[in-house]
Structures are given as structure tokens and as C-alpha cells.
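Chemist: Turn this into a model:
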Amino acid sequence: MHLGNGIICPVTGIPMLLAAGAAAFYAYKRAKEDFSKDKIFKTVSLTSLVFALQMINFAIPSTGSSGHIVGAILLAALLGPYAAFLSMCAILIVQAVFFADGGLMALGCNIFNMGFLACFVAYPLLYKPLADKKRIFSGAFLASVATLQLGSIAVVAEGFLSGSITSRLADFTLLMQGIHLPIGIVEGIVTGAIIVAAKFVDTKKFSIGISSLAVILAGFISAYASQRPDGLEWSLLNISDSVVMQTQGSIYTIAEALQAKMAIFSNMPFTLGSIAGLVTIAVIMYLACMIMSNSRKSENA
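Modeler: You can find the predicted model right below:
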């Protein structure tokens, strides 16, 4: 569901980026209120796992498309919505900057679609009420499906506002909703299973386990991910006669040139680039966690 530069114009992309920045600042202020050093390993491990999971595109039978897990509900359920949103911001920034996966112009939209809607809409409205009633798996499943559906609607709206989707808006909406439903179902099952498993495993052992899994997924399994177009690409291909790419103007040119220079991991051999990305996201989240932990300590001194 990663939007590229050509789908989002500056009129849409820049305000969305500013909104995402404001949301991240608010999330940071709230996350540090109860953040402590004993949460660092778990936060880094889970963020690394979601980063790796997003590399694994799986084929959707009979469609010619593929999908990947977003992971925001998983993070929100195990870290809380504020820390989870910061994790999603870090993941999407690393993907856009170092892999050119998702456009810089579209970064704010991608953060909103995959992070904000999950952490601040689907999590409190669906997961939390059901989890409070001990229906953890059901809550994770429904919230995951809702996140994909809400995100796909947001993509349609952002494409329309940017002028890249000129007609067949209803067709694009149905395509996006339809293709992201099976992706959401797979995500819901995986998310629910991991959250339930976390309840029965010691936190340290759980963190070690998912860190190891992240390395395996990024370093080995990701090389065998489906090469089919993802749900967004597939939907756009099916309405290609109604898509006008937003590639004009100096802002677009600067964004493309800047991204091309910074996307160093995309030019590496696949496994090496994947591991480099995993290490980068782990270091960024470790530093972010240390800042939150020390900031909380200073305020309480």
C-alpha cells in the first residue's frame, strides 16, 4: 500500500507530511510518559520484526497480485498506540529514504494510511474494547482487516485529491477494497497469533525469539517473496486509462532526485541490503527509545 511520488502531488503530500509530523510529536510526548529502559529491547525487536514482515510479499491466488503485512495493530497491541505509531513512522521513513519504497512526496500519506489509522482509529475502536473482554484474537483480526480497508479508502481519496485518479473512482475503490480484504485476513490471523503467543511467553524470551525471526525473514525468506504487483499497483494497473501521474514541477523533480541519491540499500545485493535495513531500523528505534527513557527520567527527577 506504499504510495509513490507520482500518485501524490505537493498540494496533498506536503500538508499530509506536516500532519504526520505533528502526530509523531504528539505520540512522542505521550509515549515517553511511561516509557522505561526495560521496554527498549521489546520495542526494538517488534519494530524490527514488522520491518522484516513488510518485506514478505505473498501471492494472492487467482488475482495476479500480492500483499504484505502492515503490522501496525501488532505493534499497538504489544507496545501501546503511541510507541507503535513512532515505530511505524521509523519503518516507513527507512523504507522511503534507503530503499525508495514509497515516495518522499507520499511519506505523510503512507504514515497516515498505515500508521495513524491503525494506531489511533482501528486500535482504540476495535482491538481495545474486544481485548478488554478477553477476545484478543478477535480484536486483532477485526482491527487488522479494518486497518487495510480504511487505508485503501484513504489511498483512493488521496489519489483523487492529487488529481492522479481522474475517473472510474468507484472502480478503483472496489478494486482496492477487494484486493486488500484477503491481505487483511492474512494479517489478522498472523497478528492475532503473535499477540496471543506473547501472553504465554516471558518478555525477554519473546523479544529474543522475534529478533531472531526478523533476521531470518529479512536475510533469507524475503529473497523468495512474491514479485507480483502489490494490491495498490494491481489496482492502478486495472484502471491505467484513468491514472495521470503527477510528475511535473520542481518539487517532484527534487523529491525524485533526492530519493534516488539516498536509496543506497536498494542498490546493494538483496540480502545485504535487507540486513542493512534491519540494522538501520534497529539502531534508529534503540536511539529513539533511549531518548524517551532518558527524557522521562529527567522529568521525574
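
Chemist: Just to check, Y127 is in contact with L75?
Modeler: No. With contacts counted by C-beta atoms under 8 Å, Y127 stays clear of L75, the gap being 11.4 Å. In short, each C-beta sits where N, CA and C put it, glycine included.

Chemist: And stretch 66-73, how far out from the chain middle?
Modeler: Distance, stretch centre to chain centre, for stretch 66-73: 7 Å (C-alpha atoms, centre = their mean, to the nearest Å).

Chemist: If you could redo that for stretch 40-57, that was the one I meant.
Modeler: Taking mean C-alpha positions (C-alpha atoms, centre = their mean), stretch 40-57 and its chain are 10 Å apart.

Chemist: do the same with stretch 248-258
Modeler: Chain-centre distance of stretch 248-258: 24 Å, with C-alpha atoms, centre = their mean.

Chemist: Now do the buried residues in that stretch.
Modeler: Buried residues in stretch 248-258, counted by 16 or more other C-beta atoms under 10 Å: I251, Y252, A255, E256.

Chemist: which residues does the third one contact?
Modeler: This points to A255. A255 makes contact with N5, G103, L104, M105, according to C-beta atoms under 8 Å, 6 or more residues apart in numbering.

Chemist: Kindly report the same for A24.
Modeler: Contact analysis of A24 by C-beta under 8 Å, 6+ apart lists F85, L86, C89, I111.

Chemist: among these, which two are most distant?
Modeler: Every pair in the contacts of A24 was compared (C-beta to C-beta); the two farthest apart turn out to be L86 and I111, at 10.5 Å.

Chemist: What segments of this structure are helices?
Modeler: In the chain, the helices defined using DSSP state H lie at 10-31, 40-53, 72-79, 81-99, 107-111, 117, 128-132, 136-162, 169-198, 203-219, 231-238, 250-262, 270-300.

Chemist: can you list contacts of the second one?
Modeler: By C-beta under 8 Å, 6+ apart, the list of residues contacting helix 40-53 from outside reads 68-72, 74-75, 78-79, 83, 87-88, 90-91, 94-95, 190, 203-204, 206-208, 210-211, 213-215, 217-218, 222, 274, 277-278, 281-282, 285-286, 289-290, 293.

Chemist: Pull out the buried members of those.
Modeler: Buried subset of these (neighbour count, 16+ other C-beta under 10 Å): 68-72, 74-75, 78-79, 83, 87-88, 90-91, 94-95, 190, 206-207, 210-211, 213-215, 217-218, 222, 274, 277-278, 281-282, 285-286, 289, 293.

Chemist: Nearest residue to S36 in space, ignoring adjacent ones along the chain?
Modeler: Nearest non-adjacent residue to S36, counting by C-beta to C-beta, 6 or more residues apart in numbering: S293, 6.0 Å away.

Chemist: how about the one you found, what does it touch?
Modeler: By C-beta under 8 Å, 6+ apart, the contact list for S293 reads K32, F35, S36, K37, K39, I40.

Chemist: 7 Å instead?
Modeler: By C-beta atoms under 7 Å, 6 or more residues apart in numbering, the contact set of S293 is F35, S36, K37, I40.

Chemist: Touching, the first one and M292? I think so.
Modeler: Yes. If you go by C-beta atoms under 7 Å, F35 and M292 touch, sitting 4.3 Å apart.

Chemist: picking that back up, can I get the helices of the chain in CSV with mean pLDDT?
Modeler: Converted to CSV, the helices of the chain look like this (pLDDT from 0 to 100):
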stretch, mean pLDDT
helix 10-31, 96
helix 40-53, 98
helix 72-79, 98
helix 81-99, 97
helix 107-111, 97
helix 117, 98
helix 128-132, 96
helix 136-162, 97
helix 169-198, 96
helix 203-219, 96
helix 231-238, 95
helix 250-262, 91
helix 270-300, 90
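
Chemist: Format those helices as a markdown table; extra columns: distance to P61.
Modeler: Shown next, in a markdown table, are the helices of the chain (distance: least, C-beta to C-beta, whole Å):
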| stretch | distance to P61 |
| --- | --- |
| helix 10-31 | 34 |
| helix 40-53 | 20 |
| helix 72-79 | 24 |
| helix 81-99 | 26 |
| helix 107-111 | 27 |
| helix 117 | 27 |
| helix 128-132 | 29 |
| helix 136-162 | 17 |
| helix 169-198 | 9 |
| helix 203-219 | 22 |
| helix 231-238 | 13 |
| helix 250-262 | 33 |
| helix 270-300 | 25 |
